[in-house]
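Undergrad: next input, structure requested:
(one chain, ligands or ions: 1)
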Amino acid sequence: MTTFIVANWKMNPLTRKEAEELFSFFKKTTDKRGKVIFCPPFPYLHLGENLNLGAQNCFPERKGSFTGEVSPYMLKDLGCDYVIIGHSERRSVLGEDFFFVKRKVETSINAGLTPILCVGEEKREGTDASGEIKEQIRSALERVSFKEIIIAYEPVFAIGTGSACPIEVAAERRFLIEDILSQMKIEKDSVPILYGGSVNAENAKGYLLEGGFQGLLVGGASLEKEEFTKIIESVF
Ligand code: PEP
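TA: So this is what the prediction gives:
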């Protein structure tokens, strides 16, 4: 099975010059090795030509009167093959609900993109983590037919905090996600499951070797040339 590393640059870097520098560095070092997928902000997508590209978001319509929004069909036409959907920052900061996330999954599949669906519990303790994750997966994927989809398990408490989820906890969640998929009659081998949340060069490999994940979704560290290169080298 392919191993994926997804770089989520979020709303960074601030200037085109910095984005060009990052891309020209990574074009030399990653060279399409494995599946490193770069998800920069929309205005920088064209700078990543010849790399595997993903968007950080899309709107669940093909075209029309949706001021400020970006169609998954446009993203496909621009060279993207992937799109991150349901990131916790969009669910919490922008109020995206289950139905909106599902519509994005469907529209992006129809546009020929592979959704990278983010799921994960909010708190480390004291909540029904499996209930939260089950609802996120079921609401997004029920009665949706797809050829390829990627799930990123991203516990919210680990995102951008520098405090990654313990590998054994993450591995339990991976089993849970596989179980949810099999209850939904989705062949688990057809859905790579990635880990995301404060991944760095030191902990990256453990999520694959001990945690059994098929890849990583990397936020902050994907903007640091040396650190991200070390992550890639440790994994591939
Ligand atoms: C993310 O943006 O999804 C993420 C995992 O960020 P970080 O690696 O910075 O925690």
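Undergrad: Leu217 belongs to a strand?
TA: Yes - according to DSSP: H, G, I helix; E, B strand; the rest coil, Leu217 belongs to a strand.
Undergrad: so how far is Phe59 from the residue of the chain most remote from its centre?
TA: What lies farthest from the middle of the chain is Ser65; by C-alpha atoms, centre = their mean that is 27.5 Å. Distance of Ser65 to Phe59, given as C-beta to C-beta, to the nearest Å: 11 Å. Any C-beta I mention is one placed from the backbone N, CA and C, and that applies to glycine too.
Undergrad: just Gly86 next, same as before
TA: Noted for Gly86: a distance of 14 Å to Phe59, by C-beta to C-beta.
Undergrad: neighbour-wise, which of these two wins?
TA: Using other C-beta atoms under 10 Å as the criterion, Gly86 and Phe59 rank with Gly86 on top: 27 against 19.
Undergrad: for the more buried one, what are its contacts?
TA: For Gly86, the contact set (C-beta atoms under 8 Å, 6 or more residues apart in numbering) comprises 96, 101, 104-105, 117-119, 136, 140.
Undergrad: if you set the cut-off to 10 Å instead, what comes out?
TA: 57, 96, 98, 100-102, 104-105, 115-120, 136-137, 139-140, 151-152, 154 (C-beta atoms under 10 Å, 6 or more residues apart in numbering).
Undergrad: cross the residues you listed against helices and list the overlap.
TA: Counting by DSSP state H, the contacts of Gly86 place 98, 100-102, 104-105, 136-137, 139-140 in helices.
Undergrad: only the buried residues of the lengthiest helix in the chain, if you could.
TA: When the chain is parsed with DSSP H, its longest helix is helix 167-183. For helix 167-183, the neighbour count (16 or more other C-beta atoms under 10 Å) marks 167, 170-171, 173-174, 176-178, 180-181 as buried.
Undergrad: how many other residues sit next to the nearest residue to Gly215 once chain neighbours are set aside?
TA: In space, Gly215 comes closest to Phe4 once its chain neighbours are excluded; the distance is 3.3 Å by C-beta to C-beta, 6 or more residues apart in numbering. Neighbours of Phe4 under the rule other C-beta under 10 Å: 24.
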